[in-house]
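**Student:** just to be clear, the model below is a prediction. Sequence and coordinates:
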Amino acid sequence: RQSDAVLMASADDRDESQAEALLRVYREVVGAFEVFHPSRTTVRVLPSAAFSRHVALDLSLDDELSMASVNPGWDQVSLHAFTLKPKLVSALNRRLEALALHLEGAVSGLSVSNVGAYHSKRLAPRSSKRLAALAVKLEQAVCEAEDDELGPRASSPPALTSLWCNVSRPGAYHGLHDHRGATWSGVYYARVAPAPAGSGLPQSGCLVFRTAI
């Protein structure tokens, strides 16, 4: 796979200051993934016209841990993380949070993977201006990720088929699950409250992926 900027395959042959800078990018994106050693992970900062930052994480897994044994080609897993441009963030997040809190208080939700958390019913991606603004950014993210994974597209961009909102208050969480039938799945955080001091919850607000069987 080719990319415009491969920033980390190993830090061994780089000067210390650059290695530290790359490790900082790694930790910003990976967060709680301390079990993945940086030397096993390629961090690629990709050019982006639609976002202030697009980072791809290529996780190389040991043969006995990868899904390649049952799904050929899954020996390497890629995650893409996007950061919105600052001028869009504040207004969009405020409106999305208001929508989520309104639905939590006014509309009954679903019981799926959520434990103590509110999970709304499926929402039409363009049923309101705030959802439409989010849908545009999500589709742009998928386009950039597919261009990186598969090369420049020759067909029409993928369409967002559905979305929903979650509200997780202290102590709530979502259990391990998958989105079967989806080509791409993504999460957008409108707000993440820090864990209370002394709570012993260092992973509060973290998104955790299981990439091995």
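**Tutor:** Looks like it arrived, so ask away.

**Student:** poorly predicted segments of this structure, please.
**Tutor:** For the chain, the stretches with pLDDT under 70 are 1-40, 60-76, 154-155, 199-203, 210-213.

**Student:** redo that, cut-off 50
**Tutor:** The model of the chain has pLDDT under 50 over residues 1-16, 32-34, 36-39, 67-70, 213.

**Student:** ranges for the helices of it?
**Tutor:** For the chain, the helices defined by DSSP state H occupy 16-30, 86-106, 129-150.

**Student:** for the closest residue to F51 other than its chain neighbours, which residues count as its bridge partners?
**Tutor:** Closest residue to F51 apart from its sequence neighbours, by Cβ to Cβ, 6 or more residues apart in numbering: F82 at 4.7 Å. In this view, the C-beta of every residue, glycine as well, is placed from N, C-alpha and C. Beta bridges link F82 to H54 when assigned by DSSP bridges.

**Student:** contacting residues around F82?
**Tutor:** When contacts are counted by Cβ atoms under 8 Å, 6 or more residues apart in numbering, F82 touches S48, F51, R53, H54, V55, K137, A141, E144.

**Student:** now, the most widely separated pair of those?
**Tutor:** Greatest spatial distance among these (Cβ to Cβ): V55 and K137, at 15.7 Å.

**Student:** so how far is A141 from S113?
**Tutor:** Plainly put, S113 is 22 Å away from A141 if you go by Cβ to Cβ, to the nearest Å.

**Student:** which of the two has more neighbours?
**Tutor:** Taking S113 and A141 together and counting by other Cβ atoms under 10 Å, A141 has the greater number of neighbours (21 against 14).

**Student:** grab the nearest non-local neighbour of the more buried one.
**Tutor:** F82 (4.9 Å).

**Student:** please tell me how far V43 sits from A81.
**Tutor:** 10 Å.

**Student:** higher neighbour count, those two?
**Tutor:** Each of V43 and A81 has its neighbours counted (other Cβ under 10 Å); V43 has more, 22 against 18.

**Student:** so what's that one bridging to?
**Tutor:** Those that pair with V43 in a beta bridge, by DSSP bridges, are M8, L57.

**Student:** surely it is in contact with H54?
**Tutor:** No - the pair V43 / H54 is not scored as a contact, 11.7 Å apart, by Cβ atoms under 8 Å.

**Student:** for H174, give me its contacts.
**Tutor:** Residues near H174 by Cβ under 8 Å, 6+ apart: S113, N114, V115, A117, H119, N166, S168.

**Student:** again, but for P86
**Tutor:** Taking Cβ under 8 Å, 6+ apart as the test, what P86 contacts is S52.

**Student:** rewinding a little: buried ones among the contacts of F82?
**Tutor:** Among the contacts of F82, the ones that count as buried by 16 or more other Cβ atoms under 10 Å are S48, F51, H54, V55, K137, A141, E144.

**Student:** how about the nearest residue to the fifth one, chain neighbours excluded?
**Tutor:** Translated: K137. Per Cβ to Cβ, 6+ apart, closest to K137 is L84, 6.5 Å.

**Student:** burial of that neighbour, as a residue count?
**Tutor:** L84, neighbours per other Cβ under 10 Å, totals 18.

**Student:** give me phi/psi at the closest residue to N93 other than its chain neighbours?
**Tutor:** Leaving aside its chain neighbours, N93 sits nearest to A190 (4.6 Å; criterion: Cβ to Cβ, 6+ apart). Main-chain torsions, A190, degrees, to the nearest 10: phi -80, psi -30.
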